[in-house]
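Peer 1: Sharing a model that was predicted from the sequence below.
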Amino acid sequence: MKKLFIIDDEKSICNALKYAFEDEYEVFMANNMDEFNKMIKGNRPSLVLLDLRFGSISGLDLLERIKKIYPDVVVIIMTAYGTIESSIQAIKKGAYDYILKPLNLDDLRELVKKAEQYQNIHKKIMLDNYSFEEEKDIGIIGKTVKVKKVYEMVERVKNLDVNVLIQGESGTGKELVAMAIHYNGTRKDRPFVAVNCGAIPEHLVESELFGYEKGAFTGANESKKGRFELANKGTLFLDEIGEMNPYCQVKLLRALQQREIFPLGGTSSKKIDVRIIAATNKDLSKEVEEGRFRKDLFFRLNVVPIYVPSLNERKEDIPLLVEHFIKKANLMYNLSIKEITEGALEKLKSHNYIGNIRELENIIYRACIFSSKGFIDETCIPDLSPLDEVYYDEDIIPIKLGTKLEEAEKQLIINTLDYVDGNKAKAARILGISERSIHYKVKNYFD
């Protein structure tokens, strides 16, 4: 599903806009800078509704920051302080358009509709010149043989209406592959809707996937489209299909076989035309053998299989990925890191990546934040002991037995600072030490 950022310091406005657009978008809201920083990190929006005055911060500054990270995103400025000068200034900085508060929802919907049309045309122009060798709006980075095989498979299936099953470990970029197929194919001007199958509770599967009619159950005060209908004429990306429970599998199989859906509470079916791309980090053939996944559903999904290699299988791509993440970190955190040393690259190449590209990305962001030299060397990168026996997670700091106390403290401080986006005062409060101490320790680590 497309992502919408709502950035306004008034919670009531955010909540009202979320309610208005949540059927068409996955909505993210920010009422303050902490929420803004967390929201913008790792989430690529399709559309942004941005207040011109975000507390004491100028929305124009936030606009500039958003456009640096996501140059092609459409941003609509909202303001109660409308002047010709501020409108022109916003558009010069990359805003699509400008709307005055108090907001008229009908006018805003019309503006959003026009913005979507503009975005589709712009994306079409971009994708006409798309090269898999260069990471652009939806790129896959890499030049190794295994990655080039993925490129070739995308080229082969992009214009074919066949179901595709993408397999690979968590953090390898399976959704990027699905997006590359969609946005380079015949359906690229139609919706791309993503759904996490493992996150749908059993009792909500019908309403989430197929929608419901007004009065279908208590609280259904109006009809709501499901993910299939939202993706009609486009692509439905079924992420983590291996996590789908048996009841959901039956419902999904029926929709795929009959190419029609039955909204909950409805009296008739609706024909749907969607291309299905599924993804999983499990071995589905093994899941079928052990009775956890339906054989008939597996065969229907696995028309064209694509395997996305883990980072450990393509370590020759690490320099390209590092270069990309350094550029991204510079934009996100207003840094000016110029390069990485060969020693640091060798240290990264020798690591066993349990978290794949996502893990490498976090390591590079952390190294950029703590580099005081304008480049990344070995001292900027934490001890990357093999983590074969440690579960990797962004919210867990894996410290092996036998790690020196000084190194464990260093890891704890670095990870905490990373969690709070480099805010030393906040990190100090969490760790229960003074801000002066944290400044001293960070300086001591990297001098």
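Peer 2: The structure has been received and is ready for your questions. Numbering: from 1, shown residues only.
Peer 1: what's the distance between the residue lying farthest from the centre of the chain and Asp296?
Peer 2: Going by CA atoms, centre = their mean, the residue of the chain most distant from its centre is Thr267, 36.7 Å out. Separation of Thr267 from Asp296 (CB to CB, to the nearest Å): 28 Å. To be clear about C-beta, it is placed using only N, CA and C from the backbone, and glycine gets the same treatment.
Peer 1: same thing with Glu289?
Peer 2: The gap separating Glu289 from Asp296 is 14 Å, by CB to CB.
Peer 1: any weak-confidence spans in this structure?
Peer 2: Residue ranges of the chain with pLDDT under 70: 42, 81-88, 119-139, 384-403, 419-421, 443-447.
Peer 1: where does the residue farthest from the centre of the chain land in three-state SS?
Peer 2: coil (DSSP: H, G, I helix; E, B strand; the rest coil).
Peer 1: Show the backbone phi and psi for it.
Peer 2: Thr267 adopts backbone torsions of phi -110, psi -10, taken as degrees, to the nearest 10.
Peer 1: Tell me who's in contact with it.
Peer 2: If you count contacts by CB atoms under 8 Å, 6 or more residues apart in numbering, Thr267 has none.
Peer 1: show me what contacts the residue nearest to Asn232 when sequence neighbours are not counted?
Peer 2: Leaving out its chain neighbours, the residue that sits closest to Asn232 by CB to CB, 6 or more residues apart in numbering is Ile272, at 5.5 Å. Neighbour list for Ile272: 228-229, 231-232, 255, 259-261 [criterion: CB under 8 Å, 6+ apart].
Peer 1: Tell me the spacing between the closest residue to Tyr307 other than its chain neighbours and Ser285.
Peer 2: In space, and not counting its chain neighbours, Tyr307 is closest to Gln167: 5.4 Å by CB to CB, 6+ apart. According to CB to CB, Gln167 and Ser285 sit 10 Å apart.
Peer 1: which one of the two has more residues nearby?
Peer 2: Set Gln167 next to Ser285 and count neighbours by other CB atoms under 10 Å: Gln167 wins out with 21 against 14.
Peer 1: Might one say that the more buried one is in contact with Pro309?
Peer 2: No: at 10.5 Å, Gln167 does not count as touching Pro309 under the criterion of CB atoms under 8 Å.
Peer 1: shared neighbours of those two, anything?
Peer 2: Here Gln167 and Pro309 share no contacting residue, scored by CB under 8 Å, 6+ apart.
Peer 1: Against Ile354, how distant is Phe325?
Peer 2: When distance is defined by CB to CB, Phe325 is 18 Å away from Ile354.
Peer 1: Next: Val112.
Peer 2: Val112 sits at a distance of 40 Å from Ile354 (criterion: CB to CB).
Peer 1: mind listing what Ser170 touches?
Peer 2: Counting by CB under 8 Å, 6+ apart, Ser170 touches 281, 355-356, 358.
Peer 1: Ok, Asn43 next?
Peer 2: 3, 5, 28.
Peer 1: what pairs with the second one across the strands?
Peer 2: If I follow you right, that is Phe5. Per DSSP bridges, the residues bridged to Phe5 are Phe28, Val48.
Peer 1: Would you confirm that it contacts Leu47?
Peer 2: Yes: when contacts are counted by CB under 8 Å, Phe5 is listed as touching Leu47 (7.4 Å).
Peer 1: domains of the protein?
Peer 2: Structural domains of the chain, as assigned by automatic domain parsing, span the residue ranges 3-127, 145-309, 312-446.
Peer 1: Many thanks, we can stop here.
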